[in-house]
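>>> Below: sequence and its predicted model.
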Amino acid sequence: MNENDTTEFLNSAMINGYLDILRSQQMSKNTIINYNSVLKRFNEFLIKDDIKLHDFKLADMYRYLETLSTYTAHSKNLHIACIQGMFTYMVEIGTRTDIPIVKHMRAKIIRYEPDYIDRTTQLVYLNYLQKHTQRDQLIGAELMLATGLRISEIMSIDLVKDIEF
């Protein structure tokens, strides 16, 4: 077994152990899939440069982040969170003493104001409301508040027949 194979084996074993912990904590299937994907990509970076997780340094993290330059802020932050979780796990089990990630590495996410409904949609919705009883209107409003459904989605539902009370 050469040095690169050893690095791959050790890193993969640590990553699989971390993913097993996430599964035992009953994380959602999608979370496990996302973490697995991110950590697989991260491990490929480590193997290419023959870096063991135990020897990973802050400078290596900056180099890894450069490989994510075309990613959105959300995707970069997902990578950082997954990797940070991995290193937190390593600190907890005693295989590392530090986490080589600093707070300012997280990408700034631009928050946008929500789009408000335009006048045409308002008129369509008001017309829709006039065709329904006050009880139906209340059910529709409660559904929107409780589930986050859009007005157009509520308008496509028969509020009496399609809902099982």
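Done, it's in. Source: prediction; values computed, not measured.

>>> For residue 74, give me its contacts.
107, 109 (CB atoms under 8 Å, 6 or more residues apart in numbering). (Each C-beta comes from the backbone N, C-alpha and C, glycine too.)

>>> correction: residue 98
Here residue 98 is in contact with 87, 91 (CB under 8 Å, 6+ apart).

>>> okay, it: pLDDT?
Looking at residue 98, its pLDDT reads 90.

>>> what about the top helix by length along the chain, distance to the chain center?
Using DSSP state H, we find that the single longest helix of the chain is helix 3-24. Chain-centre distance of helix 3-24: 21 Å, with CA atoms, centre = their mean, to the nearest Å.

>>> mind exporting it as CSV, just the C-alpha atoms?
Only the C-alpha atoms of helix 3-24 are listed here, as CSV (Å, rounded to 0.1, in the frame of the first residue of the first chain):
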residue,chain,number,x,y,z
GLU,A,3,1.3,6.6,0.8
ASN,A,4,-1.6,7.9,-1.3
ASP,A,5,-3.6,4.6,-0.7
THR,A,6,-3.0,5.0,3.1
THR,A,7,-4.3,8.5,3.0
GLU,A,8,-7.4,7.5,1.1
PHE,A,9,-8.0,4.5,3.4
LEU,A,10,-7.6,6.6,6.6
ASN,A,11,-9.7,9.5,5.4
SER,A,12,-12.5,7.3,4.1
ALA,A,13,-12.6,5.4,7.4
MET,A,14,-13.0,8.6,9.3
ILE,A,15,-15.6,10.0,6.9
ASN,A,16,-17.6,6.8,7.0
GLY,A,17,-17.5,6.8,10.8
TYR,A,18,-18.8,10.4,10.8
LEU,A,19,-21.6,9.5,8.4
ASP,A,20,-22.5,6.5,10.6
ILE,A,21,-22.9,8.9,13.6
LEU,A,22,-25.2,11.1,11.5
ARG,A,23,-27.3,8.1,10.6
SER,A,24,-27.4,7.0,14.3
